[in-house]
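Undergrad: predicted coordinates and the sequence they were generated for:
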Amino acid sequence: GTAEELTANPASVTGRYLARPPGPSPRPRASPSRRSWLTIKGAELNNLKGADIRLPVGRLVCVTGVSGSGKSTLVREVLGRSLRGLLCAGQGRAGPTRRAQPHGCAGLTGWQSLSRVLEVDQTPIGRNPRSCPATYVGFWNRIRRLFAATPEARMLGWGPGRFSFNTRGGRCDACEGQGVRRLEMSFLPDVQVVCEACGGSRFNAETREIRYRGLDIGQVLALGVDEAVETFAAHPSVHHALVLLQDVGLGYLTLGQQSPTLSGGEAQRIKLVAELAKARPGVAGPSPRPTLYLLDEPTVGLHMADVERLTRVLHRLVDAGHSVLVIEHNLDLIAAA
């Protein structure tokens with residue numbers, strides 16, 4: 001229908017966001033203390049001409065500006081590259097002393113409270129068809145241990161390795177655990193077809209005889225995240241990661257979705273989930289390693305609802321004790337910083 005009909009339709013997520021009046025961020029902003037600042041002095045690289053910049057630590061910070069103003073130079077080159085060198089030197093992993101000097105600036109202070117810097121971009125999380133969200137986020141090993149703990153698997157003497165699609169024994173030998181087979185075409189690009197031996201499940205028939213809550217290991221891989229949340233509700237370590245995937249709007253993905261088929265935005269959000277799964281605010285245990293996350297326009301290609309989910313995820317990283325620095329033009333994310 002028309003834009004007016006879309007806006008008036010209560011069942012339309014897009015219409016709801018189009019009808020929403022612009023307003024300030026509902027999240028209260030905390031003023032950073034004087035001691036928690038990253039200070040860059042005399043940034044001199046590309047279009048940066050002797051700029052002095054102060055950035056609060058432990059906050060969600062946005063860098064914005066016109067094309068060519070030096071945003072990426074500041075965040076990725078000056079700050080990111082300098083911090084990597086300084087942190088490596090501080091942890092005794094640097095080589096020559098000259099590597100510990102700031103890059104593209106006269107000086108950098110206030111970085112000692114950080115333990116690492118991580119750039120979260122939209123590059124693929126894996127190019128191998130065997131790579132999938134379950135393995136990247138890190139809860140697949142726990143699922144394999146659940147299958148290995150079933151009475152049937154214990155009677156057969158099978159350990160978690162039997163339920164891996166990366167090793168021989170339990171995986172399908174025809175497709176080597178990929179679930180698909182590549183057909184070479186003489187004058188056309190190669191074609192991938194579902195493996196006839198395992199039907200795309202990645203495992204051989206013997207391994208699929210073992211069931212957990214009525215599902216074999218191949219069927220678990222084919223579960224959507226929304227379905228898997230209910231299946232593994234009794235296992236906090238698995239359930240927590242699955243809920244995080246839901247929170248970033250990826251509930252429609254399957255656990256075994258091949259990494260090369262993920263979009264750039266999906267890959268980026270999965271990387272953020274992998275980090276959030278390590279840092280659980282409010283959970284007893286060792287304090288998280290304070291990390292500075294660098295993101296370059298993470299909202300590109302995202303729906304307005306997904307931008308809101310992404311903003312919540314970035315704030316959760318901050319609540320867990322980390323710092324987030326984002327290059328961005330999206331007004332909603334800028335307002336939340």
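TA: Sure, I can see it. Residues are numbered from 1 along each chain as shown.
Undergrad: next SSE downstream of the host helix or strand of Leu314?
TA: Applying DSSP states H and E as the criterion places Leu314 in helix 304-319. Beyond helix 304-319 in the direction of the C-terminus, DSSP H and E gives the next helix or strand as strand 323-327.
Undergrad: then the helix holding Leu314 to CSV, C-alphas only?
TA: Provided in CSV are the C-alpha atoms of helix 304-319 (Å, rounded to 0.1, in the frame of the first residue of the first chain):
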residue,chain,number,x,y,z
MET,A,304,15.2,0.3,11.8
ALA,A,305,14.1,-2.5,14.2
ASP,A,306,17.5,-4.2,13.8
VAL,A,307,19.3,-0.8,14.5
GLU,A,308,17.4,-0.7,17.8
ARG,A,309,18.5,-4.2,18.7
LEU,A,310,22.1,-3.5,17.7
THR,A,311,22.0,-0.4,20.0
ARG,A,312,20.8,-2.5,22.9
VAL,A,313,23.6,-5.0,22.3
LEU,A,314,26.3,-2.2,22.2
HIS,A,315,24.9,-0.9,25.5
ARG,A,316,25.1,-4.4,27.0
LEU,A,317,28.8,-4.5,26.1
VAL,A,318,29.2,-1.2,28.0
ASP,A,319,27.3,-2.5,30.9
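Undergrad: His239 falls within a strand, correct?
TA: No. Counting by DSSP: H, G, I helix; E, B strand; the rest coil, His239 is not part of a strand but helix.
Undergrad: number of residues surrounding it?
TA: As a burial measure, His239 scores 17 neighbours (other C-beta atoms under 10 Å). Any C-beta I mention is one placed from the backbone N, CA and C, and that applies to glycine too.
Undergrad: ok, the closest residue to it other than its chain neighbours to Val61 distance?
TA: Leaving out its chain neighbours, the residue that sits closest to His239 by C-beta to C-beta, 6 or more residues apart in numbering is Phe232, at 5.2 Å. In this view, Phe232 and Val61 are 35 Å apart by C-beta to C-beta, to the nearest Å.
Undergrad: the more surrounded of those two?
TA: Just comparing Phe232 and Val61: by other C-beta under 10 Å the higher neighbour count belongs to Phe232, 23 against 18.
Undergrad: how deep is Gly104 tucked in, by neighbour count?
TA: Using other C-beta under 10 Å: Gly104 sits among 19 other residues.
Undergrad: so it sits against Glu77, correct?
TA: Yes. Using C-beta atoms under 8 Å, Gly104 is in contact with Glu77, at 5.7 Å.
Undergrad: list the contacts for Pro160?
TA: Asn141, Arg144, Arg145, Phe147, Ala148 (C-beta atoms under 8 Å, 6 or more residues apart in numbering).
Undergrad: no no, Leu183
TA: Asp190, Val191, Gln192, Val193.
Undergrad: where does it fall, phi/psi-wise?
TA: phi -100, psi 120 (degrees, to the nearest 10).
Undergrad: what does the one 4 residues further on give?
TA: Listed backbone geometry of Phe187 is phi -120, psi 10, with angles given as degrees, to the nearest 10.
Undergrad: roughly how far does it sit from Gly42?
TA: With C-beta to C-beta as the criterion, Phe187 and Gly42 are 58 Å apart.
Undergrad: same drill for those two, tell me which one is more crowded.
TA: Here Phe187 and Gly42 are compared on neighbour count by other C-beta under 10 Å; more neighbours surround Gly42, at 14 against 4.
Undergrad: what are the phi and psi values for the more buried one?
TA: According to degrees, to the nearest 10, Gly42 has phi 60, psi 50.
Undergrad: then Val61?
TA: Val61 adopts backbone torsions of phi -120, psi 140, taken as degrees, to the nearest 10.
Undergrad: quick one, what contacts it?
TA: Val61 touches Leu55, Ser323, Val324, Leu325, Val326, Ala337, counting by C-beta under 8 Å, 6+ apart.
Undergrad: again, only this time at 6 Å
TA: Contact analysis of Val61 by C-beta atoms under 6 Å, 6 or more residues apart in numbering lists Leu55, Leu325, Ala337.
Undergrad: excluding sequence neighbours, find me the nearest residue to it.
TA: Leu325 (5.1 Å).
Undergrad: that neighbour pairs with what?
TA: Listed by DSSP bridges, the beta-bridge partners for Leu325 are Val61, Leu294.
Undergrad: OK, contacts around it?
TA: Counting by C-beta under 6 Å, 6+ apart, Leu325 touches Val61, Val75, Leu294.
Undergrad: where exactly do the helices run in the stretch 201-337 of the chain?
TA: 217-221, 225-231, 236-247, 264-278, 304-319, 331-336 (DSSP state H, counting those that start in this stretch).
Undergrad: make JSON lines from those helices and add mean pLDDT and distance to Gly169 to it.
TA: Output for these, formatted as JSON lines (pLDDT from 0 to 100; distance: least, C-beta to C-beta, whole Å):
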{"stretch": "helix 217-221", "mean pLDDT": "95", "distance to Gly169": "13"}
{"stretch": "helix 225-231", "mean pLDDT": "95", "distance to Gly169": "25"}
{"stretch": "helix 236-247", "mean pLDDT": "92", "distance to Gly169": "23"}
{"stretch": "helix 264-278", "mean pLDDT": "87", "distance to Gly169": "27"}
{"stretch": "helix 304-319", "mean pLDDT": "89", "distance to Gly169": "38"}
{"stretch": "helix 331-336", "mean pLDDT": "90", "distance to Gly169": "47"}
